[in-house]
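Asker: got a predicted model here, sequence first, then my questions.
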Amino acid sequence: MSFLNRMSILSKLLSVIIFMSLIIVACIWYATAEMRMIDNSYTAFLDHEARAVANARRTNTFSYELVYNVFRAIAETDPDQIKRSSDAFDSTVPELKQILADLRQQAPAFSDRIDDLGKKTDLFINSVTAVMDLVKKGQNKEAVDLYHHQVDPSFHELSLAIRGLTTDIQSFADKGSNALTDKTNATRFLTATSSAAGLGAGFVMAIIAIVFGISKPMAALRASMARLASNETNIQIPGMARGDELGQMAGAVEVFRQAAIANERLEAEAEASRSQSEADRLKVVAEAEAAAQERLREATAGLANGLKLLAAGDLSFQLTEPFAPDFETLRHDLNATITQLSETLREVARSTASIDSGSREISRSADDLSQRTEKQAASLEETAAALDQITVNVSNSSKRAEEARAVAIQANASAARSGKVVANAVEAMSRIEQSSNQIANIIGVIDEIAFQTNLLALNAGVEAARAGDAGKGFAVVAQEVRELAQRSALAAKEIKDLIRNSTTEVESGVKLVRDTGDVLHAIEQDVVIINQHMDAIATSAREQSTGLAEVNTAVNQMDQVTQQNAAMVEETNAAGATLAVEAGRLKELIAGFKLSGNQPAVRAIDRATKPIASPARALGQKLAGAFGGRTAVAASAKEWEEF
């Protein structure tokens, strides 16, 4: 396995893949070549044996067709039918000869028997051609005699020859098909077996290459690395002489081993110098702690002084004495906090003045709202009077619309009953029309039966003619039956004409009744439209009445809103007075602080400000009296206090 040590891992894997690919390509090439050969054999089989079987069967079919055309020509009396049978006979003869010529090329192994079959076919064609010639001349009796003496024996002999040849050709084709099937199965088995053997050999090579070329060397290298990680530096790294990637990894591990040896040496030297520097470090630490304690004491004293002034309400001071560098940030943060708090309180003082001014504006707005409330109350009184008159008029219109709607409903019901009567008449006429059609169908069946009886009588006459003197009596009966069938067909035709005339008259009556129904339906639709209009008028009247009720409700809501506005005026005046008092207290609190710079003045609060009574209360009582007969509700003094 030394050659595996000189190959790289990629080369090992590619070698295995290329070997397996060559095996697969060889198997595919062999299978393709064999299947192409089998395909050619199947094509030749279909071109010769399969078509030979089909043509042998077609020979039998065309011979029967010749016999059928001859028999049909003998049985027919209509010249046109006889001509069609003769034309079919003339077109079938060359087709039968062409089939025999194709059969000689497709089945050369049966050439002798096909030649014998050709002779028998020529004899049969000559005999049936002679019979057809007699039929064309109108000599049916002689044609029947010739048919029984020559055509029947030759046709029987030809049928036996065709049946035997067809059976033998079919057996020969089956053997060829079975041989091709066996060859296909053998090719498939050989291809599968060779593919499995080649893939098995490839897998064995892959396992050998992976185990001996990759897996075992990597396991040995991993064990060496584990020992090196446990500080065992006196080991031998395996695989140093390999030429693949594992040899390179072994070289890298060797570098790590040499580095670990150097690291152990450096750690021994560092341990010796560590003991000497520990005493010097302890001395420096003690001196640094003493200096830090002194700086902490100075910073603590400065912060205590600043917090004392802040607790006394003095916001105008700043800590100007610098601290130690570690505490200098704390001094700057305290100075910034005092400055920010001073600015905040100054802004609060300015806001207090703004609140006082705003409360006075609220009081003036409440006065204006009171005046508008008086005007709104007067408008509500005039609206209530107009609504009374409108309500009376709409009530009368609604009653008239309901009466007209009742009359339209009665007219609609009458039109619907008329439509039902016409629909029943149309349905009855339709049933009469269906019955007439059924009678016509029955007459058609009778006519068809008469035609079939006539045809059977004609065939019976032909058979009687072929029987000669023994069939004369039967021929007379057949002629009588034929005449009876013709009279039945004539009577059926006359009855059919009468039924057709009556059906035409019934259709005219049905059309008139349907036209009448359409007119009544149109009248019904017009009545429905009138009823819809009357419904719309009645609905509109009800909606107007509902709308007036909603208007009354809206007036009442406006009355309540007016009362609420009056209460809101009082609440607003009270809120303004309370706001002015709270602004004064806030000013007193801010005066307790000493701020830097000039402090903005805050105007003194007029504590005598009182809520102004709303003049809308009396107007609310007046509006309640105007709507007291409907839905208005008077508001008591107690209800105003609760609001």
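Answerer: Thanks, I have the structure now.
Asker: which helix or strand contains residue 552?
Answerer: Using DSSP states H and E, residue 552 sits within helix 472-591.
Asker: typed the wrong thing, it's residue 90
Answerer: Applying DSSP H and E, one finds residue 90 within helix 79-106.
Asker: looking at that helix now, give me its mean pLDDT.
Answerer: Across helix 79-106, the average pLDDT comes to 79.
Asker: in it, what counts as buried?
Answerer: 82, 85, 86, 89, 92, 93, 96, 99, 100, 103, 104, 106 (16 or more other CB atoms under 10 Å). Glycine gets a C-beta too; all of them are placed from N, C-alpha and C.
Asker: what helices or strands is that helix leaning on?
Answerer: When contacts are defined as 3 or more CB pairs under 8 Å, 6 or more residues apart in numbering; DSSP states H and E, helix 79-106 packs onto helix 51-75, helix 111-136.
Asker: buried sites along the shortest one?
Answerer: Under the neighbour-count criterion of 16+ other CB under 10 Å, helix 51-75 has 51-53, 55-56, 58-60, 62-63, 65-67, 69-75 buried.
Asker: distance of the closest residue to residue 423 other than its chain neighbours from residue 542?
Answerer: Leaving out its chain neighbours, the residue that sits closest to residue 423 by CB to CB, 6 or more residues apart in numbering is residue 517, at 6.3 Å. Using CB to CB, to the nearest Å, residue 517 is found at 36 Å from residue 542.
Asker: counting neighbours, go ahead and name the busier of these two.
Answerer: Remark: of residue 517 and residue 542, residue 517 carries more neighbours, 18 against 14, as counted by other CB atoms under 10 Å.
Asker: now do the helices in the stretch 151-300 of the chain.
Answerer: For the stretch 151-300 of the chain, the helices defined by DSSP state H, counting those that start in this stretch cover 152-210, 216-229, 245-311.
Asker: got a markdown table for the ones you listed, with mean pLDDT, mean neighbour count and distance to residue 501 too?
Answerer: What follows is the helices of the stretch 151-300 of the chain, written out as a markdown table (pLDDT from 0 to 100; neighbours: other CB atoms under 10 Å; distance: least, CB to CB, whole Å):
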| stretch | mean pLDDT | mean neighbour count | distance to residue 501 |
| --- | --- | --- | --- |
| helix 152-210 | 77 | 15 | 55 |
| helix 216-229 | 75 | 15 | 110 |
| helix 245-311 | 71 | 12 | 110 |
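Asker: ok, back up a step: got JSON lines for the buried residues of helix 79-106, with distance to residue 347 too?
Answerer: Shown next, in JSON lines, are the buried residues of helix 79-106 (distance: CB to CB, whole Å):
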{"residue": "82", "distance to residue 347": "129"}
{"residue": "85", "distance to residue 347": "125"}
{"residue": "86", "distance to residue 347": "128"}
{"residue": "89", "distance to residue 347": "126"}
{"residue": "92", "distance to residue 347": "122"}
{"residue": "93", "distance to residue 347": "126"}
{"residue": "96", "distance to residue 347": "124"}
{"residue": "99", "distance to residue 347": "120"}
{"residue": "100", "distance to residue 347": "125"}
{"residue": "103", "distance to residue 347": "121"}
{"residue": "104", "distance to residue 347": "124"}
{"residue": "106", "distance to residue 347": "117"}
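Asker: what's the domain layout of this structure?
Answerer: Here the domain parsing of the chain from automatic domain parsing is 2-227, 249-312, 330-642.
Asker: now do the contacts for residue 201.
Answerer: By CB atoms under 8 Å, 6 or more residues apart in numbering, residue 201 lies in contact with 19, 23.
Asker: next one: it from residue 94, what distance?
Answerer: In this view, residue 201 and residue 94 are 66 Å apart by CB to CB.
Asker: kindly report the same for residue 435.
Answerer: From residue 435 to residue 94 the distance is 57 Å (CB to CB).
Asker: so in the chain, where's the weakest helix or strand by average pLDDT?
Answerer: When each helix and strand of the chain is scored by mean pLDDT, DSSP states H and E, helix 637-642 comes last, with a mean of 40.
Asker: what about stretch 325-334, average pLDDT?
Answerer: On average, the pLDDT along stretch 325-334 is 74.
Asker: for stretch 423-437, same thing?
Answerer: For stretch 423-437, the per-residue pLDDT averages 71.
Asker: go on, stretch 443-453?
Answerer: 71.
Asker: returning to what we had before: and of the helices and strands packed on helix 79-106, who's closest to residue 208?
Answerer: helix 51-75 (57.3 Å; CB to CB).
Asker: mind giving me the packing neighbours of the closest one?
Answerer: Against helix 51-75 (3+ CB pairs under 8 Å, 6+ apart) you get helix 79-106, helix 111-136, helix 140-146, helix 152-210, helix 328-467.
Asker: could I get the average pLDDT for that helix?
Answerer: Taken as a whole, helix 51-75 carries a mean pLDDT of 76.
Asker: between helix 111-136 and it, find me the angle.
Answerer: Orientation note: helix 51-75 sits at an angle of 20 degrees relative to helix 111-136 (axes from the mean of the first three to the mean of the last three CA atoms, to 10 degrees).
Asker: and helix 51-75 with helix 79-106, angle?
Answerer: If you take the same axes, to 10 degrees, helix 51-75 sits at 160 degrees to helix 79-106.
Asker: any idea how far residue 116 lies from residue 157?
Answerer: 11 Å.
Asker: nope, residue 252 is what I was after
Answerer: Look at residue 252 and residue 157: by CB to CB, they are 100 Å apart.
Asker: before we move on, what SS does residue 316 have?
Answerer: With DSSP: H, G, I helix; E, B strand; the rest coil as the basis, residue 316 sits in coil.
Asker: with that, I have no additional questions.
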